[in-house]
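> kindly return the folded structure for what I paste below:
(chains A and B)
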Protein chains: 2
Amino acid sequence: LERSRAHRIVWLLEELNLDYDIKLYHRTESQRAPEELKKIFPLGKSPIIEVDHHNGKESKKLAESGHITNYLIKHFDTNKKLTANTEDDEESVDYFVNFSEGTLGAHLTYLIVHQVGASKAPFFVRPVINAFVNKMDTFYGISEVKLCIDFMEDILAKQAKINPEELYFVGDHLTGADVMLFFNIQTLLDGKRLGDAIDTADYPNMNKFLAQVKNRPAYIKAEEKIQTVGKNQFAKDPIS
Amino acid sequence: LERSRAHRIVWLLEELNLDYDIKLYHRTESQRAPEELKKIFPLGKSPIIEVDHHNGKESKKLAESGHITNYLIKHFDTNKKLTANTEDDEESVDYFVNFSEGTLGAHLTYLIVHQVGASKAPFFVRPVINAFVNKMDTFYGISEVKLCIDFMEDILAKQAKINPEELYFVGDHLTGADVMLFFNIQTLLDGKRLGDAIDTADYPNMNKFLAQVKNRPAYIKAEEKIQTVGKNQFAKDPIS
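Predicted structure coming up:
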């Protein structure tokens, strides 16, 4: 899908230096996944990848970003470039992968769906709906997401004390934790998902983290490939 | 927290035959976690567990249900009772743990928050708010959750063909996939989260799965302990 969390998987494929093809599915008018995707995987979700091991092992269809990330790193990170150094680090990565889709992902989905939904309400009830959505978001969604943002900034601030040159969520190099959290942080800071509720300048470490990722050769190559496949139909900053 | 997804972790601790204490935190009036929980873990989320390895290894605080489940089974399933038999099964478990908190969890959180929020709207705007919430839920939340329910029922139906006596999401015995998905299925079917949008009788395999889990000695013991700690302040069927 265009503008999608699938971008992080393309980036991961580039980091692992794997051969892959991208197949693009267009969102429907309501920004949802099209029926065709359901033929490939019953939940009709993106991303879905089909893995060919090239060693006689059966090919496999994978879904769910956290699982795809775990699987690719486990099977294809032959140089241990993205593999955690210690058992403790491995467990921290598992925590962050779960956090990115569990606690943080749930709140983000909620905010995004609300914003799309409220914008489609009939004009004569829109003020009431907007008031309701704002109240729900302020009371529930935004306050929870703010806790998450502060939490992530604190972790990167601690990491910066150990190694100010390069920021990663776990240990001293890129792991699945960074691949998974990058999309959420980009949505929040670049995508300004919380509107005026936060000042993005208050999060220097996360901004530094975003800039660092965007400078990685694999990330740049992934974005180029995505733009080529999408014939420039993709937004530069994926936001949903 | 009372009425909480933390119950599944207590059940898992019983399955693994571990010693543990439960500390109960009461929800605030708005059904949220209290400030005290934030002192223990910055996100103020339940469940949080503190693990004492009793072997000189440092004790660890863990959060995020999927991560807690993975960690406990990895470190404490000495008899391989809940460990997957094969690498393929292990990967399927990883998929379902991610699915339960990723795709399915996000949609469920969304529906639950909406239902609590709409019930608190001022009476004079409630009809408009209810219409909006219903429309959003029907259009987005419920249709997505329905896909997930059908998907899970299909998986259990296939499993039933292999082993009609006992239903598990992966392989021929209980794994982290079942521990994680049980809560979601219970919320959906027993908690009737989708109201009239589905007929729970249409899901015989999931109903059978629920009944089987509730009959497990470890599950029964976990519920008894939870009731004792909560001095019967817990709802019998945890729903949120």
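> how is chain A divided into domains?
A:5-81, A:87-219 (the TED database).
> ranked by average pLDDT, which of those falls at the bottom?
Looking over the domains of chain A, mean pLDDT reaches its minimum on domain A:5-81, with a mean of 80.
> would you mind pulling the contact partners of stretch A:193-202?
Contacts with stretch A:193-202, where a contact means CB atoms under 8 Å, 6 or more residues apart in numbering or on different chains, come from A:108, A:111-112, A:115, A:138, A:142, A:145-146, A:149, A:153, A:187-189, A:192, A:207. In this view, the C-beta of every residue, glycine as well, is placed from N, C-alpha and C.
> need the max-distance pair from these.
A:138 and A:207 (24.1 Å; CB to CB).
> okay, these two: which has more neighbours?
The residue with more neighbours, out of residue A:138 and residue A:207, is residue A:207; 17 against 11, by other CB atoms under 10 Å in any protein chain shown.
> please verify my assumption that the more buried one contacts residue A:188.
No - the pair residue A:207 and residue A:188 does not pass the contact test of CB atoms under 8 Å, sitting 11.0 Å apart.
> one step back: got TSV for the domains of chain A, with distance to residue B:181 too?
Below are the domains of chain A laid out as TSV (distance: least, CB to CB, whole Å):
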stretch	distance to residue B:181
domain A:5-81	13
domain A:87-219	14
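> deepest-packed of those domains, please.
Counting by mean count of other CB atoms under 10 Å in any protein chain shown, domain A:87-219 has the highest mean neighbour count of these, with a mean of 18.
> picking that back up, looking at the contacts of stretch A:193-202, which is nearest chain B?
Among the contacts of stretch A:193-202, residue A:108 lies closest to chain B (CB to the nearest CB), at 8.2 Å.
> which residues touch the closest one?
A:145, A:184, A:187, A:188, A:193.
> list the contacts for residue A:169?
A:92, A:96, A:152, A:155, A:156, A:159, A:175, A:177, A:178, A:181.
> wait, what's in contact with the closest residue to residue A:60 other than its chain neighbours?
Excluding the flanking residues, the one nearest residue A:60 by CB to CB, 6 or more residues apart in numbering or on different chains is residue A:51, at 4.9 Å. By CB under 8 Å, 6+ apart, the contact list for residue A:51 reads A:59, A:60, A:61, A:62, A:71, A:72, A:75.
> please report phi then psi for the most centrally placed residue in chain A.
Most central in chain A under CA atoms, centre = their mean is residue A:183, positioned 2.7 Å from the mean C-alpha point. As for residue A:183, its main-chain torsions (degrees, to the nearest 10) stand at phi -60, psi -40.
> so it makes contact with residue A:8?
Yes - between residue A:183 and residue A:8 there is a contact under CB under 8 Å: 4.7 Å.
> spit out the residues that contact these two alike.
Joint contacts of residue A:183 and residue A:8 (CB under 8 Å, 6+ apart) do not exist.
> send the alpha carbons of the strand or helix carrying residue A:222 over as CSV?
For residue A:222, the element it lies in under DSSP states H and E is helix A:217-229. What follows is helix A:217-229, C-alpha atoms only, in CSV (Å, rounded to 0.1, in the frame of the first residue of the first chain):
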residue,chain,number,x,y,z
PRO,A,217,22.1,4.1,2.6
ALA,A,218,19.6,1.2,2.9
TYR,A,219,16.8,3.6,3.9
ILE,A,220,17.6,5.9,1.0
LYS,A,221,17.7,3.0,-1.4
ALA,A,222,14.4,1.6,0.0
GLU,A,223,12.6,5.0,-0.5
GLU,A,224,14.0,5.2,-4.0
LYS,A,225,12.6,1.7,-4.9
ILE,A,226,9.3,2.5,-3.4
GLN,A,227,9.0,5.7,-5.4
THR,A,228,10.0,3.9,-8.6
VAL,A,229,7.4,1.1,-8.1
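> mind listing what's buried in it?
A:218, A:219, A:222, A:223, A:225, A:226, A:229 (16 or more other CB atoms under 10 Å in any protein chain shown).
> which one of the contacts of residue A:51 is nearest to chain B?
Nearest member of these to chain B, counting by CB to the nearest CB, is residue A:71, at 6.3 Å.
> mind checking how far the helix or strand hosting that closest one is from the chain centre?
Counting by DSSP H and E, the element that carries residue A:71 is helix A:65-76. When distances are taken as CA atoms, centre = their mean, to the nearest Å, helix A:65-76 is centred 14 Å away from the chain's centroid.
> what kind of secondary structure is residue A:61 in?
Three-state call for residue A:61 (DSSP: H, G, I helix; E, B strand; the rest coil): strand.
> ok, now how distant is the spatially closest residue to it that is not a sequence neighbour from chain B?
Spatial nearest neighbour of residue A:61, chain neighbours left out: residue A:50 (5.1 Å); criterion: CB to CB, 6+ apart. Taking CB to the nearest CB, to the nearest Å as the measure, residue A:50 falls 14 Å from chain B.
> can you check residue A:156 too?
Taken as CB to the nearest CB, the span from residue A:156 to chain B is 14 Å.
> now the contacts of residue A:169 as CSV including secondary structure?
Below are the contacts of residue A:169 laid out as CSV (three-state DSSP):
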residue, secondary structure
A:92, helix
A:96, helix
A:152, helix
A:155, helix
A:156, helix
A:159, helix
A:175, coil
A:177, helix
A:178, helix
A:181, helix
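> show me the two of the residues you listed that sit farthest apart.
Maximum distance among the contacts of residue A:169 (CB to CB): 14.7 Å, for A:152 and A:175.
> you'd agree residue A:213 is up against residue A:178?
Yes - contact criterion CB under 8 Å: residue A:213 and residue A:178 qualify, at 7.2 Å.
> so the helix or strand encompassing residue A:97 versus helix B:87-101, what angle?
Assessed by DSSP H and E, residue A:97 sits inside helix A:87-101. Orientation check (axes from the mean of the first three to the mean of the last three CA atoms, to 10 degrees): helix A:87-101 against helix B:87-101 gives 40 degrees.
> and residue A:49, that's in a strand?
Yes - the assignment for residue A:49 (three-state DSSP) places it in a strand.
> give the contact list for it.
A:9, A:20, A:61, A:62, A:68, A:72.
> do that again at 10 Å, thanks
The neighbours of residue A:49, taking CB atoms under 10 Å, 6 or more residues apart in numbering or on different chains as the test, are A:6, A:9-10, A:12-13, A:20, A:22-23, A:60-63, A:68, A:71-72.
> which residues touch residue A:155?
Taking CB under 10 Å, 6+ apart, one finds A:92, A:96, A:167, A:168, A:169, A:170, A:177, A:181, A:205, A:206, B:42 in contact with residue A:155.
> quick one: it from residue A:59, how far?
Going from residue A:155 to residue A:59 by CB to CB, to the nearest Å gives 37 Å.
> next one: residue A:183
Residue A:183 is 26 Å from residue A:59, by CB to CB.
> same check, this time on residue A:153
41 Å.
> ok, now residue A:224?
26 Å.
> tell me which stretches of chain A form helices.
A:7-15, A:35-40, A:65-76, A:87-101, A:103-119, A:126-136, A:143-162, A:176-189, A:204-214, A:217-229 (DSSP state H).
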